[in-house]
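Engineer: What follows is a predicted protein model with its sequence.
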Amino acid sequence: MRDYIFPPLIFPLFLILIFFPFLLLIFFLTTPKVFQILFGLSYSQALTVFFMIVIGSFINIPLVEKEGKEVVREYNFFGIIYQVRQRSKMTVAVNLGGCIFPSLIAVKLLLSLPLTPWIIAFILTSIIIYFNAKPVRGVGIAVPMFLPPLISVLTSYFIISFFGLDMYLLPKFAYAVGVLAVLFGADILHLKDLEKIGSGVISIGGAGTFDGIFLTGIFSVILSVLLF
């Protein structure tokens with residue numbers, strides 16, 4: 001009898017399909033709260049910022065177009081093999097909602113933060129992220145999902161404690177560190193590895209390529225509130 005009782009899909013995928021709508025709902029409810037914490041906005045104002053970022057995530061702004069590696073394709077035509085040499089195109093772009101908006105928010109927060117402690121936390125976090133970021137062909141620069149926010153929160157916490165700063169700065173500190181450290185440590189410092197990723201559009205902060213700069217900032221704030 002047990003042989004006839006099994007989930008309709010692979011079990012991990014089955015669980016994801018069940019819980020994903022709840023996780024998505026929680027994400028949409030908690031993300032505006034993050035902007036309330038960062039800027040003291042009303043919920044409606046924070047929701048407006050959030051939806052601007054969501055809409056901006058569909059927009060990629062091309063920066064650089066370069067030729068990739070030469071690709072040799074073979075075609076068999078009635079027993080005669082032809083070789084065609086082509087050069088793949090690679091376009092580097094930045095995502096409006098996933099990179100530019102979060103970076104502008106991080107820079108704005110820097111104006112209210114002590115600069116020297118932040119720079120130390122930024123450098124330490126960038127180094128750790130750089131050595132854990134790997135180019136993956138067809139995907140982008142891959143970083144373990146929760147590593148950047150966790151490292152940014154822990155580094156920010158210890159730096160704030162070391163300098164004797166008020167702990168209420170932690171959410172803003174962690175957001176600014178996380179967003180800009182990922183942009184610098186995972187993306188900018190790995191631009192030299194773009195050829196290992198392949199051709200197509202490489203969007204910094206965009207879906208399917210590189211890491212989640214926006215998500216790193218969001219989770220940095222959430223973790224800093226939950227853990228400390």
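Structural biologist: In hand now; what should we look at? Numbers count the residues shown, from 1 in each chain.
Engineer: Can you give the domain ranges for this structure?
Structural biologist: Domain ranges of the chain: 1-56, 60-66+92-227, per automatic domain parsing.
Engineer: between the ones you listed, which gets the lowest average pLDDT?
Structural biologist: If those are sorted by mean pLDDT, domain 1-56 sits at the bottom with a mean of 63.
Engineer: which stretches of this structure form strands?
Structural biologist: Listed in chain order, the strands of the chain (DSSP state E) span residues 60-77, 80-95, 134-136, 140-142, 200-204.
Engineer: returning to that earlier point: just say which of the domains of the chain is most tucked in.
Structural biologist: Each of the domains of the chain was scored by mean neighbour count; the highest is domain 60-66+92-227, a mean of 20, by mean count of other C-beta atoms under 10 Å. Backbone N, C-alpha and C define where each C-beta goes, glycine included.
Engineer: give me every residue that touches the residue nearest to the spatial centre of the chain.
Structural biologist: With distances taken as C-alpha atoms, centre = their mean, the residue of the chain nearest its centroid is Gly212 (1.3 Å). For Gly212, the contacting residues are 98, 145, 205, by C-beta atoms under 8 Å, 6 or more residues apart in numbering.
Engineer: And for Ser103?
Structural biologist: Contact partners of Ser103, counting by C-beta under 8 Å, 6+ apart, are 179-180, 183, 213.
Engineer: ok, which pair from these is furthest apart?
Structural biologist: Checked with C-beta to C-beta, those reach their widest spread between Leu180 and Ile213, with 8.8 Å between them.
Engineer: Quick check: Asn95 touching Ser203?
Structural biologist: Yes - taking contact to mean C-beta atoms under 8 Å, the distance of 5.0 Å between Asn95 and Ser203 places them in contact.
Engineer: List the residues that are in contact with both of the two.
Structural biologist: Shared between the contact lists of Asn95 and Ser203 (criterion: C-beta under 8 Å, 6+ apart) are residues Asn60.
Engineer: returning to that earlier point: quick one: the contacts of Ser103 as TSV, columns for distance to Leu63 too.
Structural biologist: Rendered in TSV, the data for those read as follows (distance: C-beta to C-beta, whole Å):
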residue	distance to Leu63
Val179	18
Leu180	18
Leu183	13
Ile213	15
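Engineer: Between those, which sits nearest Tyr43?
Structural biologist: Distance ranking of the contacts of Ser103 against Tyr43, using C-beta to C-beta, places Val179 first at 22.3 Å.
Engineer: Does that closest one touch Leu215 like I think?
Structural biologist: No - taking contact to mean C-beta under 8 Å, the distance of 9.9 Å between Val179 and Leu215 leaves them out of contact.
Engineer: quick one, what contacts the nearest residue to Thr31 once chain neighbours are set aside?
Structural biologist: The shortest distance from Thr31 to any residue other than its chain neighbours is 5.3 Å, reached at Phe50 (C-beta to C-beta, 6 or more residues apart in numbering). Contacts for Phe50 (C-beta under 8 Å, 6+ apart) come out as 31-32, 35.
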